[in-house]
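>>> got a sequence here, can you model it:
(one chain, ligands or ions: 1)
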Amino acid sequence: MSLLVKICGLSTRETLQTALEAGADMVGFVFFPPSPRHLSLELGRELGRQVKGRALKVALTVDADDATLDNIMDALSPDIFQLHGKESVARLRDIKQKYGRPVMKALPVETAADLAVLPGYAAVADRILFDARPPKDATRPGGLGAPFDWHLLQNLELALPYMVSGGLHAGNIAEAVRLTRAGGVDVSSGVESAPGVKDPEMIKAFIRAARATQELSVRELSVR
Ligand SMILES: O=C(O)c1ccccc1N[C@@H]1O[C@H](COP(=O)(O)O)[C@@H](O)[C@H]1O
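Numbers count the residues shown, from 1 in each chain. As a prediction, the model looks like this:
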């Protein structure tokens, strides 16, 4: 069972190349102006071309309207939309239908009560991303480098594929995956030297740690 690794918020040719060569399964591009990782459509087009099918291109948006999604489709032609705002279940359905792309819905988690919305979204989304709920005064709903309590997902039964994010880094992936049994990990701040500045060595270390975690899980399964 391969653990999916998503490196999010890539914004330079060099760090995108590092992520691709190190074996990222998904590369994320942020289209949200308040974010330090926000990409212009032109840069999104250029970076999208560089991917050349070596990883899935993920377009991260936050409550984007159709005109914005139209532009992103034209520039990046993403393989997946990551919806990281307060998009409703009906909005997810509309986006899937209009753009013909899978959607990954990010759900903010702080307490067990946050999981109450899961069945509604799981009926429409193709994948769920559990992320830390941002503080009330945050300027963006993610990419803040803070984890949530992974024990909250310990007894989760979800048929849909899911990933975890929020404050992950090379040193804590193993524990996050052990507790949540997620099929994928998503990182932004944990591979940066400053907000929005990706560090090639940290990207490589994160992907190495994810692959080691995967090996560990396979070995644990085979001795059971
Ligand atoms: O990265 C951002 O700036 C961002 C902006 C708006 C919504 C989500 C954003 N990032 C996503 O947040 C999670 C957690 O990131 P981190 O590793 O804690 O920094 C991840 O899914 C990013 O893709």
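
>>> residues near the nearest residue to Ala64 once chain neighbours are set aside, how many?
Once flanking residues are discounted, Ala64 sits nearest to Phe31: 7.0 Å by C-beta to C-beta, 6 or more residues apart in numbering. All C-beta spots, glycine's among them, are computed from the backbone N, C-alpha and C. Using other C-beta atoms under 10 Å, Phe31 is surrounded by 25 other residues.

>>> name the helices or strands packed onto the top helix by length along the chain?
Secondary structure of the chain per DSSP state H: the longest helix is helix 200-223. Here helix 200-223 touches strand 4-7, helix 13-22, helix 173-180, going by 3 or more C-beta pairs under 8 Å, 6 or more residues apart in numbering; DSSP states H and E.

>>> Trp150 is in contact with Gly167, correct?
No. Contact criterion C-beta atoms under 8 Å: Gly167 and Trp150 do not qualify, at 10.2 Å.

>>> what's the longest helix of the chain in contact with?
Surrounding helix 200-223, the residues in contact under the criterion C-beta atoms under 8 Å, 6 or more residues apart in numbering are 1-3, 5, 7, 14-15, 18-19, 22-24, 168-171, 173-174, 177, 185, 187, 190-193.

>>> change it to 7 Å
Helix 200-223 is contacted from outside by 1-3, 5, 7, 15, 18-19, 22-24, 169-170, 173-174, 177, 185, 187, 190-191, using C-beta atoms under 7 Å, 6 or more residues apart in numbering.

>>> which parts of the chain sit against the ligand?
Contact residues, the chain versus the ligand (C-beta under 6 Å from any ligand atom): 8-9, 28, 30, 32, 35, 37, 60, 62, 84, 129, 131, 140-145, 165-168, 186-190.

>>> list the contacts of the spatially most central residue of the chain.
Against the mean C-alpha coordinate of the chain, by C-alpha atoms, centre = their mean, the closest residue is Asp186 at 4.4 Å. Shown in contact with Asp186 (C-beta under 7 Å, 6+ apart): 6, 8, 129, 163, 165.

>>> how many neighbours does the last one have?
I take that to be Ser165. Other residues close to Ser165 by other C-beta under 10 Å number 28.

>>> for the first one, same thing?
Lys6 is surrounded by 26 other residues when neighbours are defined as other C-beta under 10 Å.

>>> strands along this protein, start to end?
Applying DSSP state E to the chain gives strands spanning 4-7, 26-30, 56-61, 80-83, 103-109, 127-132, 162-165, 184-187, 192-194, 197-198.

>>> still on that earlier bit, can you flag the buried ones in the contacts of helix 200-223?
With burial judged by 16 or more other C-beta atoms under 10 Å, the buried subset of the contacts of helix 200-223 is 3, 5, 7, 15, 18-19, 22, 24, 169-170, 173-174, 177, 185, 187, 190-191.

>>> was I right about Val51 contacting Arg45?
No. At 11.3 Å, Val51 does not count as touching Arg45 under the criterion of C-beta atoms under 7 Å.

>>> specify which residue of those two has the higher count of neighbours.
Val51 (20 against 15).

>>> just how off-centre is stretch 145-152 within its chain?
Relative to its parent chain, stretch 145-152 has a centroid offset of 15 Å by C-alpha atoms, centre = their mean, to the nearest Å.

>>> need the CA coordinates for it. PDB is fine.
The C-alpha trace of stretch 145-152 is given here as PDB (Å, rounded to 0.1, in the frame of the first residue of the first chain):
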ATOM      1  CA  GLY A 145       1.900  24.800  10.100                       C
ATOM      2  CA  ALA A 146      -0.200  23.700  13.000                       C
ATOM      3  CA  PRO A 147      -1.300  20.100  13.600                       C
ATOM      4  CA  PHE A 148      -4.700  18.800  15.000                       C
ATOM      5  CA  ASP A 149      -5.200  16.000  17.500                       C
ATOM      6  CA  TRP A 150      -4.700  12.900  15.300                       C
ATOM      7  CA  HIS A 151      -6.400  10.800  18.000                       C
ATOM      8  CA  LEU A 152      -9.700  12.200  16.700                       C
END
